[in-house]
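Participant: Okay, structure incoming, though there's no sequence with it:
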């Protein structure tokens, strides 16, 4: 049994820089993905034209067959002029917004209680068809009742307000983890069936289709932000991903960390590495739910339409139902990354045509 | 400023065996605690008279000034005859019940959906005034909607049924973590003000008065079972602990693990070590909430009354408001244990009178 896919996309990818970048970038192609959207949370974050150009060049050298869609990191250093310039030069496809302090390398991020500071930038983005990628979590504060469990739900009104204030701005609520988030996305997209009409999309990772709070409690390898939540949330995410609806798109949020940073008694790095086998795991979930016919929408048709990526017509990727195993580690001898579900059996294999 | 306490009790303590036991047992006295209730989840668990006698002897040799109240591990190996025998010989004060698989060394535990198997034992316990210590969590199963977050709440009906079936059996719902648990304990104890009338008590740890889910997400040192939950739950626990009500008693659930077992990317051991400074942290919480006058009830009057422990009349422990620091580690050179809130400043100090 096999299934062919159009241009495969992973619209939320962390490739880091330096040695880690060299190690993980080739796994995009190995994992059967042709087009990736690159997150800009390097240290320092990607906030200039020069950084975008340099980062894209580095990535392209590491993986010449992969299409890299670049982004800037939303912060006070950005100006409407810079954003317009980058858009006209076709350097970026969007801008990533991190609430300050909620996840890996987000200290330079914004206060989601006060987006108005960035309204001039959003205006330029809307005019130039750039995508705003939202890490949708409210930061916890001592006196609020916000925790990692409800931080996403508490952010949803801010998403709705942004959409109301910029109805033509393309927004992605990244790595949704809750039934509440899915409900909000469904509400915003009520009646929309044509991919061209989608303004607010949601990206869904593969790991959130597999795990709940029980899987990261005591297992830091499965700790990521936003954290995986309840079984009911997981069910809602699966239902959304397999639905084929044009506003649900695949973004793995694959986020590699050296194994030492996942094996600490305090301050474990947030992030799960799935790059090398995300598509295979997705196929498994879609298969189990009798929705393999919608996989191409989730990983190809919906994301290319939303990001306005020119799509080639031939199929380069085939998934074959054949047993294989997730390696225990990815390593260059110095850095070791432990993949999600390391050592477990995969039911599908990637074949480049 | 200082405060004197009657016989200080910590009614939920894990001392392990071997080298770890040697390392942590002296910290009971160092921490200003006179009487401890010992949990029986060794490997293998304490299920015979001989094991109880041997374990108590070991502990007493390590810390001659500490009073050790012993317990058995509820499992199919126990018989009503053995329990009665232990009670008559005054070897044990109670029996600990672990749902199978929910925490450290609980694999030999019971199925909380089917307590009826143990009713003959509960009958003997009731007749002999032994205490049943419940780890109140329903185990997660694949097809249920139970996770570490609601496992305690899902257990509460089983507690109520046990109390209904054995109205004179003394039961402790150990290490409460939720507002729902506190509500249930309050409901069961409605109208009770005399310690002698309490049949169902709740023990509360010190760490659950300090942390929420945000503190263990990414910080395995703070991972324990039951996990710390929401800020609202923490508030309910603080309110219960400082209330002075006779059915709330102190049990630290101090549970040491070698630091290597807290620094793993998968399979982190559940448990927080607070033995050495629990009383000092309690004083801080009670002080902040203007409830220092109730601390003696929580750590002395309530637990001694409930466990029917003969209380000496003099005060041996004084807490003095004087700054000191929680050590970064407890070590014998081979085993290292990192204490809860290691390196942070304490506001109260222990003084043995």
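Facilitator: Alright, I've got the coordinates. This structure is a prediction, so every number in the text was calculated from the model and none was measured.
Participant: Break down the stretch 201-350 of chain A into its helices, ranges please.
Facilitator: For the stretch 201-350 of chain A, applying DSSP state H, counting those that start in this stretch gives helices covering A:213-216, A:231-242, A:259-262, A:278-288, A:295-296, A:302-306.
Participant: So which of the ones you listed is the most surrounded?
Facilitator: Ranked by mean neighbour count under mean count of other C-beta atoms under 10 Å in any protein chain shown, those are led by helix A:302-306, which reaches a mean of 24. No exception for glycine: its C-beta is placed from N, CA and C like everyone else's.
Participant: Can you name every helix or strand that that one contacts?
Facilitator: strand A:9-13, strand A:248-250 (3 or more C-beta pairs under 8 Å, 6 or more residues apart in numbering or on different chains; DSSP states H and E).
Participant: Tell me which of those strands approaches chain B most closely.
Facilitator: Chain B lies closest, by C-beta to the nearest C-beta, to one member of the helices and strands packed on helix A:302-306: strand A:9-13, at 20.3 Å.
Participant: check contacts around residue A:84.
Facilitator: Listed by C-beta atoms under 8 Å, 6 or more residues apart in numbering or on different chains, the contact set of residue A:84 reads A:124, A:127-128.
Participant: Quick check: which element contains the closest residue to residue A:180 other than its chain neighbours?
Facilitator: Spatial nearest neighbour of residue A:180, chain neighbours left out: residue A:153 (4.6 Å); criterion: C-beta to C-beta, 6 or more residues apart in numbering or on different chains. In this structure, residue A:153 sits in helix A:151-165 according to DSSP states H and E.
Participant: could you give the mean pLDDT of that helix?
Facilitator: Helix A:151-165 shows a mean pLDDT of 96.
Participant: for it, which positions count as buried?
Facilitator: Neighbour-count burial for helix A:151-165 flags A:151-156, A:158-159, A:162-163 (criterion: 16 or more other C-beta atoms under 10 Å in any protein chain shown).
Participant: hmm, back to that, the residue nearest to residue A:180 reaches residue A:177, doesn't it?
Facilitator: No. Using C-beta atoms under 8 Å, residue A:153 is not in contact with residue A:177, being 9.6 Å away.
Participant: and residue A:187, how many neighbours?
Facilitator: For residue A:187, the tally of surrounding residues (other C-beta atoms under 10 Å in any protein chain shown) stands at 11.
Participant: my read is it is in a strand, agree?
Facilitator: No. With DSSP: H, G, I helix; E, B strand; the rest coil as the criterion, residue A:187 is located in helix rather than a strand.
Participant: show me the contacts for residue A:207.
Facilitator: Applying C-beta under 8 Å, 6+ apart, the residues near residue A:207 are A:222, A:224, A:228, A:252-253, A:272, A:274, A:340.
Participant: again, 6 Å this time
Facilitator: Residues near residue A:207 by C-beta atoms under 6 Å, 6 or more residues apart in numbering or on different chains: A:272, A:274, A:340.
Participant: about what we covered before: quick one, which of the helices of the stretch 201-350 of chain A is nearest to residue A:184?
Facilitator: Residue A:184 sits nearest to helix A:231-242 of all the helices of the stretch 201-350 of chain A, at 11.4 Å, using C-beta to C-beta.
Participant: That closest one - contacts with which helices or strands?
Facilitator: For helix A:231-242, the packing partners by 3 or more C-beta pairs under 6 Å, 6 or more residues apart in numbering or on different chains; DSSP states H and E come out as helix A:179-188.
Participant: again, 10 Å this time
Facilitator: helix A:179-188, strand A:200-204, helix A:213-216, strand A:248-250, helix A:278-288 (3 or more C-beta pairs under 10 Å, 6 or more residues apart in numbering or on different chains; DSSP states H and E).
Participant: Tabulate these in TSV, adding columns for mean pLDDT.
Facilitator: Below are the helices and strands packed on helix A:231-242 laid out as TSV (pLDDT from 0 to 100):
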stretch	mean pLDDT
helix A:179-188	98
strand A:200-204	98
helix A:213-216	97
strand A:248-250	98
helix A:278-288	98
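Participant: For residue B:308, find the nearest of the ones you listed.
Facilitator: Closest to residue B:308 of the helices and strands packed on helix A:231-242, according to C-beta to C-beta: helix A:213-216, at 38.5 Å.
Participant: of the buried residues of helix A:151-165, closest to residue B:46?
Facilitator: Among the buried residues of helix A:151-165, residue A:151 lies closest to residue B:46 (C-beta to C-beta), at 42.5 Å.
Participant: distance of residue A:134 from chain B?
Facilitator: Separation of residue A:134 from chain B (C-beta to the nearest C-beta, to the nearest Å): 21 Å.
Participant: what residues are up against that residue?
Facilitator: By C-beta atoms under 10 Å, 6 or more residues apart in numbering or on different chains, the contact set of residue A:134 is A:74, A:95-99, A:112, A:115, A:155, A:158-159, A:162, A:171-175, A:200, A:202-203.
Participant: redo that, cut-off 6 Å
Facilitator: Under the criterion of C-beta under 6 Å, 6+ apart, the neighbours of residue A:134 are A:97, A:173-174.
Participant: which ones among those are found in strands?
Facilitator: Within the contacts of residue A:134, residues falling in strands by DSSP state E are A:97, A:173.
Participant: Let me know the closest of the contacts of residue A:134 to residue A:6.
Facilitator: The closest of these, once distances to residue A:6 are taken by C-beta to C-beta, is residue A:174, at 22.7 Å.
Participant: tally of neighbours for that closest one?
Facilitator: By the measure other C-beta under 10 Å, the count of residues near residue A:174 is 25.
Participant: Same check on residue A:3?
Facilitator: 18.
Participant: What of residue A:321?
Facilitator: Residue A:321 has 14 nearby residues by other C-beta under 10 Å.
Participant: Bridging across strands, which residues link to it?
Facilitator: Note on residue A:321: beta-bridge partners by DSSP bridges are residue A:348.
Participant: ok, back up a step: mind putting the buried residues of helix A:151-165 into CSV with distance to residue A:28?
Facilitator: As requested, the buried residues of helix A:151-165 are exported to CSV (distance: C-beta to C-beta, whole Å):
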residue, distance to residue A:28
A:151, 29
A:152, 27
A:153, 32
A:154, 33
A:155, 29
A:156, 31
A:158, 31
A:159, 28
A:162, 30
A:163, 31
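Participant: and the angle from the host helix or strand of residue A:121 to helix A:151-165?
Facilitator: Using DSSP H and E, residue A:121 maps to helix A:119-127. For helix A:119-127 against helix A:151-165, the angle by axes from the mean of the first three to the mean of the last three C-alpha atoms, to 10 degrees is 70 degrees.
Participant: ok, and for helix A:119-127, which residues are buried?
Facilitator: Neighbour counts over helix A:119-127 (16+ other C-beta under 10 Å) mark A:121-126 as buried.
Participant: just how off-centre is it within its chain?
Facilitator: 22 Å (C-alpha atoms, centre = their mean, to the nearest Å).
Participant: cool, and stretch A:249-260?
Facilitator: Computed by C-alpha atoms, centre = their mean, the separation of stretch A:249-260 from the middle of its chain amounts to 9 Å.
Participant: and the end-to-end length of it?
Facilitator: 32 Å (C-alpha to C-alpha, to the nearest Å).
Participant: So which bits of it are buried?
Facilitator: A:249-259.
Participant: One more: stretch A:10-20?
Facilitator: Neighbour-count burial for stretch A:10-20 flags A:10-16, A:20 (criterion: 16+ other C-beta under 10 Å).
Participant: Of those, which fall within the contact range of chain B?
Facilitator: By C-beta under 6 Å from any C-beta of the partner chain, no member of the buried residues of stretch A:10-20 lies near chain B.
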